[in-house]
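Visitor: How does the following fold in three dimensions:
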Amino acid sequence: MTNPVTTVLSSAGSRRYVPVAATLLLLAALYAGGLANYRNFDHPQVVANLFVTNAALLIAAVGMTFVILTGGIDLSVGSVMAFSTMACAWLTVEAGVPAGWAVPGVLLFGMLSGGLIGAVIHYFKVQPFIATLVGLFLYRGLTLQISDRDISVRDVEFFSWGMERHRFGEVSLPNITFVALATAVVAFAILHYTRLGRTVYAVGGSEQSSHLMGLPVARAKITVYAISGFCAALAGVVAAFYTKSANPLAGVGFELDAIASVVIGGTLLVGGYGFVLGTVAGVMVLGLISTIIAYQGSLSSWWANMTVGALLLLFILLQQLIEKLGRRTVAERAAPPGAEPARPEPQKQAAP
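Guide: Predicted coordinates:
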């Protein structure tokens, strides 16, 4: 008798939705747990605050989604974010550059630096982990070269715009929330309604097959890292709006939160499967865990890191299960009717 769960996981059409469905179920369970245990948890502002406090993370995670969909990784986003925040603060406060020039310049720098890393990865065949690790150390060092102390931007009028709030009934949202949501919407449109988006999914599915089909693989890989760099820089600008200051040590471990959000949101680390809306849900899961721990009151914030680590492990194991069942399904379909799927023969050891 066929197991219905195995049947669903083995279906190619269903496999891509299983991690996202698991994320949504987890999100609903966490929210239900909060409602059952804490007073005022049902206030709409609780959910709204998830988008406020995690606006920078959401933007960086959206950029990371593009990279992971191609089967890559970007470890430099935390350092690029810190560099962006510090550069904006130094340019506007110390150098006297108008914020209207400084912010676009920082965003352009983030995009170009990301594109450069993507070019190194593709043309020099450097592993994404190594190339972006170089970026992590490089931009953190550049951040400390700008200044080794905090720089306040409270006196710069431009940075008061980000936290200007708009009220919708019982909920108030600052402008940085709309910037984060707009980034997610644009990314969704690019991935699902443009040629670049289709190429990104194809490269993640099989880079070799994409080459054979004549797809612009090099352009796609460079572009996704440029998008990730731009999003990391934009996250730094949003962080400046949120904190009204720049800290040279900010963003340490930020890239790991972005990766965790993407993976928990259902994007496969091997590439080819994933959704921006799943990433949004992954960010909300991380935010909801921190919110529940804050409501609980007696637990350390380190419990959030441990919980996220456990969830990340579970979602990676789920991805491995899906991949294993997918390979088994392909083998069964390739076998003749009535025959058992071919099994690899054990390799014979050479005689000494």
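
Visitor: How far away from the center of its chain is the top helix by length along the chain?
Guide: Identified as the longest helix of the chain according to DSSP state H is helix 302-334. Helix 302-334 has its C-alpha centroid displaced from the chain centroid by 17 Å (C-alpha atoms, centre = their mean, to the nearest Å).

Visitor: can you give me the strands for the protein?
Guide: Assigned by DSSP state E, the strands in the chain fall at 151-152, 165-168, 171-174, 245-246.

Visitor: I'd like to know how far the residue nearest the centre of the chain sits from residue 216.
Guide: Per C-alpha atoms, centre = their mean, the C-alpha nearest to the average position across the chain is that of residue 61, at 2.4 Å. Look at residue 61 and residue 216: by C-beta to C-beta, to the nearest Å, they are 25 Å apart. (C-beta placed from N, C-alpha, C; glycine too.)

Visitor: ok so, going back, local confidence estimate at the residue nearest to the centre of the chain?
Guide: Note on residue 61: pLDDT of 98.

Visitor: now it, nearest residue through space, not along the chain?
Guide: Spatially, and ignoring its direct neighbours in sequence, residue 61 is nearest to residue 261 (4.2 Å; C-beta to C-beta, 6 or more residues apart in numbering).

Visitor: Tell me if I'm right that that neighbour and residue 63 touch.
Guide: No. The criterion here is C-beta atoms under 8 Å, and residue 261 misses it with residue 63 at 11.2 Å.

Visitor: Turn the strands of the chain into CSV, columns for mean neighbour count.
Guide: Below are the strands of the chain laid out as CSV (neighbours: other C-beta atoms under 10 Å):
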stretch, mean neighbour count
strand 151-152, 16
strand 165-168, 10
strand 171-174, 17
strand 245-246, 22
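
Visitor: mind putting the ones you listed in JSON lines, mean pLDDT included?
Guide: Shown next, in JSON lines, are the strands of the chain (pLDDT from 0 to 100):
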{"stretch": "strand 151-152", "mean pLDDT": "95"}
{"stretch": "strand 165-168", "mean pLDDT": "95"}
{"stretch": "strand 171-174", "mean pLDDT": "96"}
{"stretch": "strand 245-246", "mean pLDDT": "94"}
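
Visitor: just so I know, which of those lies nearest residue 53?
Guide: Smallest distance to residue 53 across the strands of the chain (C-beta to C-beta): 10.6 Å, for strand 171-174.

Visitor: which residues touch the closest one?
Guide: Defining contact as C-beta atoms under 8 Å, 6 or more residues apart in numbering, one finds that strand 171-174 is touched by 44, 45, 48, 51, 52, 162, 163, 164, 165, 166, 241.

Visitor: which stretch among the strands of the chain comes nearest residue 79?
Guide: Closest approach to residue 79 among these (C-beta to C-beta): strand 245-246, 13.5 Å.

Visitor: Neighbouring strands of that closest one in the sheet, and parallel or not?
Guide: With DSSP bridges as the test, strand 245-246 is paired with strand 151-152 (antiparallel).

Visitor: Give me the distance between the partner strand and the centre of its chain.
Guide: Distance of strand 151-152 from the chain centroid (C-alpha atoms, centre = their mean) equals 28 Å.

Visitor: And for the residue nearest to residue 209 when sequence neighbours are not counted, the neighbour number?
Guide: Leaving aside its chain neighbours, residue 209 sits nearest to residue 202 (7.4 Å; criterion: C-beta to C-beta, 6+ apart). As a burial measure, residue 202 scores 19 neighbours (other C-beta atoms under 10 Å).

Visitor: Who are the contact partners of the closest residue to residue 20 other than its chain neighbours?
Guide: The shortest distance from residue 20 to any non-neighbouring residue, by C-beta to C-beta, 6+ apart, is to residue 266 (3.7 Å). By C-beta under 8 Å, 6+ apart, the contact list for residue 266 reads 18-23, 273-275, 278, 281-282, 315.

Visitor: Tell me the most packed of those, by neighbour count.
Guide: Top of the contacts of residue 266 by neighbour number is residue 282, holding 34 neighbours under the definition other C-beta under 10 Å.

Visitor: thought that one was touching residue 258?
Guide: No. Here residue 282 lies out of contact with residue 258, judged by C-beta under 8 Å, at a distance of 9.5 Å.
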